[in-house]
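K.L.:
sequence and predicted structure, then a few things I'm wondering about:
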Amino acid sequence: GSLIVVFLPTILRFYYDLVGDNYSRIARAMGKDENVDLADEIEKLNAAIGLPKGLRKMGVTEEMIPHLVAHSMTDPSNATTPRLPSQEEWEKLFLEAM
């Protein structure tokens, strides 16, 4: 649960150019200006509820990334993503989220 929420800002940034006005609509639903950086807002919410900034602070190590990538590539939620990241993109995303 918490791992996904900490990883969410990285994913939001990855899909930014592919989601049209969806982020603006989400921001408005959150009571925010539609022009806010949604990933930044999620990071602020995470901090407000005491979640760490970054996966490393949750105990994730770089040695775990291949397993996380393999799991991510086969996750059923990929069916609803704007674009499925490649293995290399998943690796980069996890490194960015560390």
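P.N.:
Thanks, I have it. Numbers count the residues shown, from 1 in each chain.

K.L.:
and the helices in this structure?
P.N.:
Secondary structure of the chain (DSSP state H): helices located at 2-15, 22-29, 38-48, 65-73, 87-97.

K.L.:
once you drop chain neighbours, what's closest to residue 58?
P.N.:
residue 52 (5.6 Å; Cβ to Cβ, 6 or more residues apart in numbering). Using the backbone N, CA and C atoms, a C-beta is placed for each residue, glycine as well.

K.L.:
which pLDDT value goes with the one you found?
P.N.:
Note for residue 52: predicted pLDDT of 92.

K.L.:
and residue 1, by the same measure?
P.N.:
On the pLDDT scale, residue 1 gets 65.

K.L.:
just to revisit the earlier point, could you export the helices of the chain as a markdown table, including distance to residue 80 and mean neighbour count?
P.N.:
Formatted as a markdown table, the helices of the chain follow (distance: least, Cβ to Cβ, whole Å; neighbours: other Cβ atoms under 10 Å):
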| stretch | distance to residue 80 | mean neighbour count |
| --- | --- | --- |
| helix 2-15 | 11 | 17 |
| helix 22-29 | 12 | 14 |
| helix 38-48 | 17 | 16 |
| helix 65-73 | 14 | 15 |
| helix 87-97 | 17 | 16 |
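
K.L.:
so how far is residue 60 from residue 33?
P.N.:
To residue 60, residue 33 is 32 Å away according to Cβ to Cβ, to the nearest Å.

K.L.:
distance of residue 69 from residue 27?
P.N.:
Residue 69 sits 29 Å away from residue 27, going by Cβ to Cβ.

K.L.:
do the same with residue 91
P.N.:
Taking Cβ to Cβ, one finds residue 91 at 29 Å from residue 27.

K.L.:
contacting residues for the closest residue in space to residue 2 that isn't next to it in sequence?
P.N.:
Distance criterion Cβ to Cβ, 6+ apart; nearest residue to residue 2, sequence neighbours excluded, is residue 51 at 5.9 Å. Residues near residue 51 by Cβ atoms under 8 Å, 6 or more residues apart in numbering: 2, 5, 6.
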